[in-house]
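Engineer: no sequence on hand, only this structure:
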């Protein structure tokens, strides 16, 4: 069991640190709303991963491969949600461009602390992007069973491997969030944040198109 767990931890770590939608969301939220916002987005993503892990343990994710309709419904819903996030980011970048013209220079590097409403929105964004992505479910369903030793209890082992993945993700998002905050002055400049919003918006729209156009992983 220990060998299987270590092997899974190594593979999962490589996958987790590969730049993708979730990391981009945590980075963008950390820049916009500080560490609290980044942690809230990360918590939403981790909650979604936990849900997928539990679903894998009880066999619900098999529905994604058994039912073409269920997979497509989740895929299209996820694509629409990502497109909405992308459009919202691009709209915010336009607003920042206008506000930046009249903002006093002394306020250009002022941080915008995450209000409870912002933290809740960040959590929802993280949870939504994860749960509405059927590929996240297929990732758990296809990867975890490969590391379950013969004769080991499927339910308990799946939860163990899910926990390992969650710990690695939590550590990675902690690094991303603090790294974004550590850049400090530069990342809080309106011009930099506006460019990041634009980049995020285009990336979200790209993820949406990829999810909508690709039938199955």
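Structural biologist: Perfect, I can see it now. Predicted model, so just to flag it, every value in this text is computed and none were measured. Numbers count the residues shown, from 1 in each chain.
Engineer: average pLDDT for the longest helix along the chain?
Structural biologist: Taking DSSP state H as the criterion, the chain has its longest helix at helix 21-58. The average pLDDT within helix 21-58 is 88.
Engineer: against which helices or strands is it packed?
Structural biologist: If contacts are counted by 3 or more C-beta pairs under 8 Å, 6 or more residues apart in numbering; DSSP states H and E, helix 21-58 sits against helix 68-102, helix 116-131, helix 134-143, helix 154-182, helix 190-213. The C-beta positions use only the backbone N, C-alpha and C, and glycine is treated the same way.
Engineer: worst mean pLDDT among those helices?
Structural biologist: Of all the helices and strands packed on helix 21-58, helix 68-102 has the smallest average pLDDT, which comes to a mean of 64.
Engineer: which residues does residue 56 contact?
Structural biologist: 137, 140, 141, 144, 158, 162 (C-beta atoms under 8 Å, 6 or more residues apart in numbering).
Engineer: let's have these in a markdown table, adding neighbour count.
Structural biologist: As requested, the contacts of residue 56 are exported to a markdown table (neighbours: other C-beta atoms under 10 Å):
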| residue | neighbour count |
| --- | --- |
| 137 | 26 |
| 140 | 22 |
| 141 | 20 |
| 144 | 25 |
| 158 | 24 |
| 162 | 22 |
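Engineer: looking at the residues you listed, spot the one nearest residue 4.
Structural biologist: Among the contacts of residue 56, residue 144 lies closest to residue 4 (C-beta to C-beta), at 10.3 Å.
Engineer: skip the chain neighbours and tell me the closest residue to residue 158.
Structural biologist: With sequence-adjacent residues excluded and distances taken as C-beta to C-beta, 6 or more residues apart in numbering, residue 158 is closest to residue 57, at 4.0 Å.
Engineer: what number of residues lie near the one you found?
Structural biologist: Neighbourhood size, residue 57 [other C-beta atoms under 10 Å]: 20.
Engineer: okay but it is in contact with residue 161, surely?
Structural biologist: No. Counting by C-beta atoms under 8 Å, residue 161 is not a contact partner of residue 57; they are 9.5 Å apart.
Engineer: distance of residue 16 from residue 178?
Structural biologist: Going from residue 16 to residue 178 by C-beta to C-beta, to the nearest Å gives 16 Å.
Engineer: the more surrounded of the two?
Structural biologist: With neighbours defined as other C-beta under 10 Å, residue 16 and residue 178 compare such that residue 16 has more, 19 against 14.
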